[in-house]
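K.L.:
output the structure for:
(one chain, ligands or ions: 1)
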Amino acid sequence: MHVSTATATENRNAQGEDGETVLEATALEKSIAGTRILDGVELSVRGGETYGVVGPNGAGKTTTFRCLLGLLPTDGGTVSLFGDDPRADDAVLNRVGVVFEYETLQPRWSVRDAMAHACHVYGVPTERIETCLAEVGLESDAHDRKFRDLSKGMQRKASVATALVHEPDLLVLDEPMSGLDPGTQARMRELIDGLREAGRTVVFSSHDLQHVQALCDRVAVIADGRTVVETPLSNSVRVMDEPRPDIATEQAGEVYVVSDDDPPADARTIDLEELYFSALGVET
Ligand SMILES: Nc1ncnc2c1ncn2[C@@H]1O[C@H](COP(=O)(O)OP(=O)(O)OP(=O)(O)O)[C@@H](O)[C@H]1O
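P.N.:
Numbers count the residues shown, from 1 in each chain. Here you go, the predicted structure:
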């Protein structure tokens with residue numbers, strides 16, 4: 001999969017300067033059938049970054065994505081998507097491409113038909129179909145086959161291609177790697193990396209901490225419906241074993257994540273897996 005970097009500057013300009021907050025949630029709450037599902041999700045995604053959301057099964061990642069996009073009503077908290085609240089006005093969703101793990105394209109439509117429909121809905125030329133199919137590297141013999149007759153990997157690529165037709169400023173991918181063989185996962189990883197190179201903002205959830213570590217600029221660990229810690233990754237996380245009054249830190253279990261760009265000399269480096277288990281209070 002390859003994404004041209006030629007339009008990176010244009011894309012960055014379209015979504016604002018790098019570093020501008022494009023998606024933010026504070027104190028997000030959601031109950032379903034009397035059960036509290038989300039109880040304090042906090043996250044902030046900046047323009048141009050790749051942002052990972054990790055957490056155990058049932059932590060609330062998919063529910064968070066639905067609430068962030070205004071697809072589920074919330075019971076409390078704030079949501080800001082490119083400065084607008086999608087729960088009040090969903091027009092801002094025109095700037096977003098979304099692929100949920102279990103929501104598929106129309107099973108009886110061919111990939112090209114589904115993409116043509118998306119082009120029609122968004123008012124973009126159907127030339128985008130070939131561009132996006134090439135971008136995700138979907139095998140050419142799959143383009144005119146019915147969605148239901150494709151392998152899971154082909155279906156995932158077709159779904160991502162469809163989510164890209166309107167050149168969204170933000171791509172939200174719920175578990176993009178799940179159920180894919182290692183080779184297809186690697187190609188999905190290349191795609192996400194290529195999107196970042198092209199200046200797009202990508203948010204994705206995953207259980208594969210290695211993928212998240214390799215791809216993401218920042219990550220949020222969610223457990224029991226709340227954000228336990230949100231931190232820059234840049235290949236490693238700087239932590240201290242004790243807090244210090246002069247240093248900004250965020251507790252994640254037994255460690256204190258240093259949020260300062262200039263960590264103190266006694267800060268040590270841990271990987272995402274160690275942070276994850278510490279944040280969840282799991283002995284390893
Ligand atoms: N419509 C619903 N009705 C009842 N419970 C729900 C509903 N949707 C989600 N839940 C519950 O909310 C919790 C969070 O689910 P969610 O799918 O958001 O978690 P997740 O972190 O995405 O999990 P996974 O990693 O397994 O995909 C789970 O306990 C789930 O059973």
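
K.L.:
which other helices and strands contact the longest helix along the chain?
P.N.:
Determined from DSSP state H, the single longest helix within the chain is helix 182-197. Packing partners of helix 182-197 (3 or more CB pairs under 8 Å, 6 or more residues apart in numbering; DSSP states H and E): strand 50-54, helix 127-136, helix 152-163, strand 201-205, helix 209-215. All C-beta spots, glycine's among them, are computed from the backbone N, C-alpha and C.

K.L.:
got the angle for that helix vs strand 50-54?
P.N.:
130 degrees (axes from the mean of the first three to the mean of the last three CA atoms, to 10 degrees).

K.L.:
average model confidence for helix 182-197?
P.N.:
Averaged across helix 182-197, pLDDT comes to 90.

K.L.:
in the sheet, who's paired with the closest residue to residue 216 other than its chain neighbours?
P.N.:
Leaving aside its chain neighbours, residue 216 sits nearest to residue 52 (3.8 Å; criterion: CB to CB, 6 or more residues apart in numbering). Applying DSSP bridges to residue 52 gives these bridge partners: residue 204, residue 219.

K.L.:
hmm, back to that, return the set of buried residues in the longest helix of the chain.
P.N.:
184-185, 187-196 (16 or more other CB atoms under 10 Å).

K.L.:
interface residues of this structure facing the ligand?
P.N.:
Residues of the chain lying close to the ligand (CB under 6 Å from any ligand atom) are 32-33, 37, 55, 57-63.

K.L.:
can I have the buried ones of those as a PyMOL selection?
P.N.:
Only the buried entries of the residues of the chain next to the ligand go into this PyMOL selection, using 16+ other CB under 10 Å:
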select buried, resi 37+55+59+60+61+62+63
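
K.L.:
now, which of the residues of the chain next to the ligand lie within strands?
P.N.:
Of the positions in the residues of the chain next to the ligand, 32, 37 sit in strands, assigned by DSSP state E.

K.L.:
among the residues of the chain next to the ligand, which two are most distant?
P.N.:
Using CB to CB, the residues of the chain next to the ligand span at most 21.1 Å, a distance reached by 33 and 55.

K.L.:
ok, back up a step: the residue nearest to residue 216 touches residue 210, doesn't it?
P.N.:
No: judged on CB atoms under 8 Å, residue 52 makes no contact with residue 210 at a distance of 11.2 Å.

K.L.:
looking at these two, which has the bigger crowd around it?
P.N.:
When neighbours are counted by other CB atoms under 10 Å, residue 52 and residue 210 differ, and residue 52 comes out ahead with 24 against 13.

K.L.:
got the contact list for that one?
P.N.:
For residue 52, the contact set (CB atoms under 8 Å, 6 or more residues apart in numbering) comprises 203-206, 212, 215-216, 218-220, 233.

K.L.:
apply 7 Å and report the result again.
P.N.:
204, 206, 212, 216, 219 (CB atoms under 7 Å, 6 or more residues apart in numbering).

K.L.:
residue ranges in the chain under the pLDDT threshold?
P.N.:
1-18, 235 (pLDDT under 70).

K.L.:
got the domain ranges for it?
P.N.:
As given by automatic domain parsing, the domain ranges for the chain are 8-234, 236-284.

K.L.:
chain neighbours aside, what residue packs nearest to residue 92?
P.N.:
Closest to residue 92 by CB to CB, 6+ apart is residue 84, at 4.2 Å.

K.L.:
what's opposite the one you found in the beta bridge?
P.N.:
Following DSSP bridges, residue 84 is listed with bridge partners residue 81.

K.L.:
separation between it and the ligand?
P.N.:
23 Å (CB to the nearest ligand atom, to the nearest Å).

K.L.:
so residue 74, which of the three states?
P.N.:
Put simply, residue 74 is coil when judged by DSSP: H, G, I helix; E, B strand; the rest coil.
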